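# quick one, structure for this:
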Amino acid sequence: MSDKSKLRHYIEALPIWLLPKLLRPLPFRMRVRFGAWMLSGVLRHVPSLRKRITNNLDHVFPDMPRPEKRRLLRNISRNIGLGFFELIYNSEYQKRTHEMRLSGDVATLDAAHAEGRPVLLVSAHFGQFEAARAMLGPRTKPLGALYHPAHNPVFERIYTPALAAAGPIFPTTPRGLAALSKHLKGGGFVALLLDQYADDGVPMPFVGRMAKTGLSMARLALKNNALIVPLICVRGDDGVTIDVQIAPPLASTDALTMTRELNDFMSAEILKRPEQWYWLHRRWKNMPTQDVENT
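Below you'll find the model as predicted:
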């Protein structure tokens, strides 16, 4: 890596490293709200970031009136800010289960844990997904998480300890995936987010537009006789409370069918509450803009 690249990484990561330290003396919720307010302003006013969100909204909602898209941009930016700072202070957030509620098919998870059967808990960058680890970790120890390493190695040194505060983490590297497979073979539970672009993925509908989606996690589940359980973590109108909703497990069929069912589940939730999804992802990269399929 060149000296110029290293300097750019440090400059990019400096606010992410410095702001949480400056806010540390404040009470937890005051820290999160203030940090979210600042990050929301950055997302709405830095042209490249604003454009990425609005381009995605234009792609998915081409007929939505501009005032509604501006309102969505404000709410999306706010929710991204809240989620980011809750994650940065994850060691504290994991203890705030009084702000969270667990609902849905929890009995299936308890039964799988009792049987020693592995489970993949699949969600999206929606609401606050770390609430699922806070609520389910004590029931399913050890609850691992799969994550994509950050492109910025300086940010990675901030990001990974925050994730590891809730349990073991497995990067999407050959070594990380080998450790993940071993964890599943031991009857472990793993949480993962399946709503990002996959270069080697299969085009399938995602919120009404074709998007490449990886099949590797469904294949891993079939290989290890693991249940795939979709879940969604819905943020309340107060911006604080989270409802961790557990859906019934998928039938073990084939990787393509199961992945498409996961996409359909997440699409339905995002279309109901688009302000709670992380619209910064380049989810529809390398797909024709005119490709439309109703979900």
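# please, where are all the strands along this structure?
Assigned by DSSP state E, the chain shows strands spanning 100-104, 119-123, 143-147, 169-171, 189-193, 202-206, 209-213, 227-235, 242-246.
# looking at those, which is closest to N79?
strand 227-235 (6.4 Å; CB to CB). To be clear about C-beta, it is placed using only N, CA and C from the backbone, and glycine gets the same treatment.
# pull the CA atoms of the closest one into PDB?
Provided in PDB are the C-alpha atoms of strand 227-235 (Å, rounded to 0.1, in the frame of the first residue of the first chain):
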ATOM      1  CA  LEU A 227     -31.600 -24.200   9.700                       C
ATOM      2  CA  ILE A 228     -31.900 -20.900   7.900                       C
ATOM      3  CA  VAL A 229     -34.100 -18.500  10.000                       C
ATOM      4  CA  PRO A 230     -34.900 -15.100   8.600                       C
ATOM      5  CA  LEU A 231     -35.300 -12.200  11.100                       C
ATOM      6  CA  ILE A 232     -35.800  -8.500  11.000                       C
ATOM      7  CA  CYS A 233     -35.000  -5.900  13.600                       C
ATOM      8  CA  VAL A 234     -37.600  -3.100  13.400                       C
ATOM      9  CA  ARG A 235     -36.800   0.300  15.000                       C
END
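# tell me which residues touch R101, please.
T241, I242, D243, V244 (CB atoms under 8 Å, 6 or more residues apart in numbering).
# burial of the second one, as a residue count?
I242 is flanked by 24 other residues according to other CB atoms under 10 Å.
# excluding its backbone neighbours, what's nearest it?
A131 (4.0 Å; CB to CB, 6 or more residues apart in numbering).
# residues touching the one you found, list them.
E99, M100, C233, I242, V244.
# if you set the cut-off to 10 Å instead, what comes out?
The contact partners of A131, taken as CB atoms under 10 Å, 6 or more residues apart in numbering, are 83, 86, 93-94, 96-97, 99-102, 166, 231, 233-235, 241-244.
# how near is K141 to D58?
44 Å (CB to CB, to the nearest Å).
# so these two - more neighbours on which side?
The neighbour count for K141 versus D58, taken as other CB under 10 Å, is higher for D58 (15 against 11).
# so what's the nearest residue to the more buried one once chain neighbours are set aside up against?
Distances taken as CB to CB, 6+ apart place K69 nearest to D58, at 7.6 Å, with adjacent residues excluded. Contact analysis of K69 by CB under 10 Å, 6+ apart lists I53, T54, L57, D58, F61, I76.
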